[in-house]
Each structure stands twice: as C-alpha cells, then as structure tokens.
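Engineer: No sequence on hand, only this structure:
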C-alpha cells in the first residue's frame, strides 16, 4: 500500500487529500490501459480507480488577510506537521506555483509551498510536484478546467462518501493532485530501466 498526500497550497486556505493505493496484487482489469497509454489521457470513471481509497481530506484554515503572513505560515507548518504524524503518508504530491494574474499571489503561494516542502523533507518524504494544468488535464482532460469541473470528476473517480459533502474546492483540488501522482505511478514509463 502506498499513501499519497496531495496538497493544494495557499496562504489562507490549504487543501489536503490523502489517498491509499494498492500496489501489490491485481492493479487493472484485462484490456484496461494505464493513463499514459490512453488516447484521451483522462482518468475514466470506473476505469482503474478501484484500488484507491480516500484516507482523509479537508482544509487548513490559516487566517484571513488581517493575519500577518508569518503567522499564517507558522500555522501551516504546525498543522501540516501534525497531519504528517497522523496520516503517515509515504509520498507527498503538491501543486506547483502558477503565475496567473498576480506576481504577488504567486510569490505568496511559493512561500506556503516552501513550508510544505520543508516539513516533508523533515520527515524524509519524497515530494512530487505537478503544474496546475497537468493536474486538471489528468482528472478532467482539459488543462483549463474550472474548480467545479475538477471537483465533479474527483467525486466520480474516487469514493468520497459523506466526506465529499460540502467539502471546499481546495480539498478536492488536493485529491486531484494526489490522483495525478497515482496515474504517474501507474505509468509504464516509471518501470523502465534508467538509461546509462
């Protein structure tokens, strides 16, 4: 079993989604292709996610804009460290910083990412980083998908049960980040020997 903790970073709200993935035993039914070999490059509902369960999902609330950034980052460090201790993941997957409308916003998200990266390193966990467009494309098939589309597809792909009811988009985005790592692990390219 591999436990992947997905993180959707932010400086006011940080989403997390933790998936358990069975790696031993049957992984796909006959005729089912891994993501890297599918023409559409989309995870298909009911197509290969049966070996995945949601261990936890939610958000960290770090404080509003009136809370100074260093205090929000300290809150993130404390909450993330506690979550790592509780869930004991084997890997961390995080969304990369994205420069969209505001350089300042990208820099602030980068600071939050730094906290997550440092805490994961403290625990000796490998960290895998994915561009937001790749996460959206992996889950919905469109790199410019809306948060609502991502949330809807995540709910179809993994059994959220009562956890998913009323869950903020930051949490479902984090599950999508973890799903991107799941599909990367399933890729036949991961199992090729390294070139000399």
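Structural biologist: Happy to help now that I have it. No experiment lies behind these values; they were computed from the predicted model shown. Numbering: from 1, shown residues only.

Engineer: Would you map the strands across this structure?
Structural biologist: Residue ranges of the strands in the chain, as given by DSSP state E, are 2-8, 13-21, 52-61, 91-95, 127-130.

Engineer: who's in contact with the first one?
Structural biologist: Taking Cβ atoms under 8 Å, 6 or more residues apart in numbering as the criterion, the residues outside strand 2-8 that touch it are 14-21, 23, 55, 80, 83-84, 87-95, 116, 170-171, 173-182, 185. From N, CA and C alone the C-beta is placed, and that goes for glycine too.

Engineer: now the angle from that strand to strand 13-21?
Structural biologist: Counting by axes from the mean of the first three to the mean of the last three Cα atoms, to 10 degrees, strand 2-8 lies at 160 degrees to strand 13-21.

Engineer: Could you give the average pLDDT over strand 2-8?
Structural biologist: Across strand 2-8, pLDDT averages out at 97.

Engineer: Same question for the fourth one.
Structural biologist: Taken as a whole, strand 91-95 carries a mean pLDDT of 96.

Engineer: partner strands of that strand, parallel or antiparallel?
Structural biologist: Take DSSP bridges as the rule and strand 91-95 pairs in its sheet with strand 2-8 (parallel), strand 127-130 (parallel).

Engineer: Give me the spatial nearest neighbour of residue 175, chain neighbours excluded.
Structural biologist: Excluding the flanking residues, the one nearest residue 175 by Cβ to Cβ, 6 or more residues apart in numbering is residue 17, at 3.3 Å.

Engineer: Same question for residue 160.
Structural biologist: Nearest residue to residue 160, sequence neighbours excluded (Cβ to Cβ, 6+ apart): residue 54, at 5.9 Å.

Engineer: again, but for residue 16
Structural biologist: Leaving aside its sequence neighbours, residue 16 is closest to residue 174 (4.9 Å, by Cβ to Cβ, 6+ apart).

Engineer: what's the neighbour count on the one you found?
Structural biologist: By other Cβ atoms under 10 Å, the residues close to residue 174 number 31.

Engineer: ok, it - contacts?
Structural biologist: Residues near residue 174 by Cβ under 8 Å, 6+ apart: 6, 7, 8, 15, 16, 17, 57.

Engineer: so which of the residues you listed comes closest to residue 122?
Structural biologist: When those are compared for distance to residue 122 (Cβ to Cβ), residue 7 wins out at 14.9 Å.

Engineer: tell me which residues form a beta bridge with the closest one?
Structural biologist: In this structure, residue 7 bridges to residue 16, residue 94 when assessed by DSSP bridges.

Engineer: Distance check, it against residue 141.
Structural biologist: Residue 7 is 23 Å from residue 141, where distance means Cβ to Cβ, to the nearest Å.

Engineer: Which one of these two is surrounded by more residues?
Structural biologist: Between residue 7 and residue 141, counted using other Cβ under 10 Å, the more crowded position is residue 7 (29 against 15).

Engineer: Ramachandran angles for residue 158?
Structural biologist: For residue 158, the backbone dihedrals (degrees, to the nearest 10) come out as phi -130, psi 140.

Engineer: Looks like it contacts residue 54 (just checking).
Structural biologist: Yes - between residue 158 and residue 54 there is a contact under Cβ atoms under 8 Å: 5.6 Å.

Engineer: All set now, cheers.
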